[in-house]
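Participant: Just to be clear, the model below is a prediction. Sequence and coordinates:
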Amino acid sequence: MEPNNTEHDQTKTRGSSIPEYSIVFLYQTPLGDERPHSYFIGRIEALLNATNIPTGSVGVPYEIILDLSVIGQDLIITNMKLSSGFTDRGFEIQFAPNKIIIKATPRESIDSAMYFIFQKRNKTNENYNSNELSYNSYKKPLLINPHPRDLWQNLPVTDYEGYKNDDFSAAGVTVEYISEKRGIFSTSPAKKFEVIAASQRGRSHAHVGKPRDDCFHFEFDLQTGWNFVAVADGAGSAKFSRKGSDLACHNVIASLRTNLSAEFNNALQTAINAALQQTQQQTQQQNNFDQSVLLVTEILDTSKLGDIFHNAVYTAYKSIYDESQKRKTEKNDAEIKDYHTTLLCAAFKYFDVFRSWVIVSYWVGDGGAAILRRNGGDEVIVLGEPDGGEFAGQTKFLTMKDEITAEAIRKRLRFTFCETFGAMLFVTDGITDPFFPSEAAVADGKRWIDFYENKLKSGCEEEPTGCPILFNETIEPQKKAEALLKWLDFWSKGNHDDRTILIVKESE
């Protein structure tokens, strides 16, 4: 039987029950019309043969349209109702001129027959009653396909091979920085910010029982005022990349925290002042530092900040290399390429003397990182460039030897001043692939604003509800992180990788 052919099930008799998916029609013929009953049955069949029963999908608006112009005035529909199989699943009837529309946004899949039941009205049956008289029943196939997300399995990992990584992680904290000049009688406000981070195993991993390869980490040094964040994406093709991403995040921060000391703060402040004096003629205002190449080069070299970051990135690389050699010695099943991982990290601190945040960042691989300025209009500072390869899915990794030279690391460093910022975002390609589908999109500041202020806050096609709780100052950061984790389960066709996002929000 073709999908939209009508099959005359049979003429039912008294006492027959209504099938689960049924539409019941009560009809009458024109007064005084003496044409045989078979004629009117023919008109009903003409109506149903002209009615298309489309294939639907869960979550997608769906409707069946009956065109009453097919039957003209030959018979009159006086009443109709849907069976509980339809009404319990959100279906409803809508009337329009010469049309009857059965519509819903299906909540679950259906693979069954649906029945059109026609019963002739007379003085004794103002409403349908299966116990009163016979009726004619017709059936057509009804198919509502499941939502594609329902076809994905969520299988547990059966063997971590010594490197366990939870399927998900969410963490949020508030950090308050006390001004270095703030005394008992000072009116200088404290600086507060939130860090909100979440990471979710991707559907492509869960479907085959593979572990999550993404990682994030953050730390704060209240004595020096430096704060550290890192996000990493272990390569899906590298069997131990989850360990690589974990080692990268933790060790780059450990090295930065050790070397960005209180003594270094004095050296950095001196270097910034010296650079400002040398470039004062090129800046109209002393605090207008943004993206000055001369400033950045002078500061990185004079303060040794460039050397500190080079050492930190190399330390992260070396920790992964050492782990691969240890595993190779013990089990002979690992090379450093088995730990391939990207890395996005930043160290940032508020300097009272400049009334600005100093933000130093490093980015190798795909994913993305950006600063959204609070009082800068649409200004966005993208903190690097994604590394795409010749083919889709290719990228650069921290674990490649040509990425740990001083020149390669310096090329990837970004040094930024901000008096204030709305948010800093660090994301893996599980986020950039659906929302920033090209390298040009990652570099587009307007796309970052749209992602943060619209898609993340208010919702989008991928996740209609959004995550507005992120922007509620009364909610504690940990609850925001847990809400962000739920948001990461959004559906995006063809994008099923691990997803990680870390947000730094300066508080009001």
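Facilitator: Structure's in. What do you need? Residues are numbered from 1 along each chain as shown.
Participant: From now on I want contacts and neighbour counts done on CA atoms only, so please keep to that.
Facilitator: Fine.
Participant: just the helices in the stretch 351-500 of the chain please.
Facilitator: Along the stretch 351-500 of the chain, the stretches classed as helices by DSSP state H, counting those that start in this stretch are 406-412, 429-435, 439-442, 445-450, 457-458, 477-487.
Participant: in the stretch 301-450 of the chain, what spans have low per-residue confidence?
Facilitator: 374-378, 388-394 (pLDDT under 70).
Participant: Could you pull out the strands in it for me?
Facilitator: Per DSSP state E, counting those that start in this stretch, the stretch 301-450 of the chain carries strands over the ranges 343-351, 356-364, 368-372, 380-382, 413-418, 423-427.
Participant: Could you name the helices and strands sitting against the fourth one?
Facilitator: Using 3 or more Cα pairs under 8 Å, 6 or more residues apart in numbering; DSSP states H and E as the contact criterion, the elements in contact with strand 380-382 are strand 368-372, helix 445-450.
Participant: which of those is buried the deepest?
Facilitator: strand 368-372 (a mean of 26; mean count of other Cα atoms under 10 Å).
Participant: Which neighbours in the sheet does that strand have, and how are they oriented?
Facilitator: With DSSP bridges as the test, strand 368-372 is paired with strand 380-382 (antiparallel), strand 423-427 (antiparallel).
Participant: how about those, which one is nearest Ser458?
Facilitator: Closest approach to Ser458 among those (Cα to Cα): strand 423-427, 16.4 Å.
Participant: helices or strands up against the helix or strand where Gln269 lies?
Facilitator: Gln269 is part of helix 262-278, with elements assigned from DSSP states H and E. For helix 262-278, the elements it packs on are helix 293-302, judged by 3+ Cα pairs under 8 Å, 6+ apart.
Participant: domain assignment for the chain?
Facilitator: Using automatic domain parsing, the domains assigned to the chain come out as 7-150, 152-178+189-258+304-506.
Participant: I'd like to know which of these is closest to Gln277.
Facilitator: domain 152-178+189-258+304-506 (13.6 Å).
Participant: Need the distance between the two termini of the closest one.
Facilitator: 38 Å (Cα to Cα, to the nearest Å).
Participant: Next: stretch 150-166.
Facilitator: Stretch 150-166 stretches 22 Å from its first residue to its last (Cα to Cα).
Participant: Just the buried residues of it, please?
Facilitator: Neighbour counts over stretch 150-166 (16 or more other Cα atoms under 10 Å) mark Asn154, Val157, Asn165 as buried.
Participant: give me the low-pLDDT residue ranges for the stretch 51-200 of the chain?
Facilitator: Scanning the stretch 51-200 of the chain for pLDDT under 70 picks out 122-135, 178-190.
Participant: Could I get the full set of helices for it?
Facilitator: Under DSSP H, counting those that start in this stretch, the stretch 51-200 of the chain gives helices at 84-87.
Participant: about what we covered before: what about the domains of the chain, which gets the closest to Leu276?
Facilitator: Closest approach to Leu276 among those (Cα to Cα): domain 152-178+189-258+304-506, 10.9 Å.
Participant: to the chain's geometric centre, what's the distance from that closest one?
Facilitator: Domain 152-178+189-258+304-506 has its C-alpha centroid displaced from the chain centroid by 14 Å (Cα atoms, centre = their mean, to the nearest Å).
Participant: Can you name every helix or strand that the longest helix seen in the chain contacts?
Facilitator: Looking across the chain with DSSP state H, the single longest helix is helix 305-331. Helix 305-331 is packed against helix 241-259, helix 293-302, helix 406-412, with contacts defined by 3+ Cα pairs under 8 Å, 6+ apart.
Participant: Having no further points to raise, I will conclude here.
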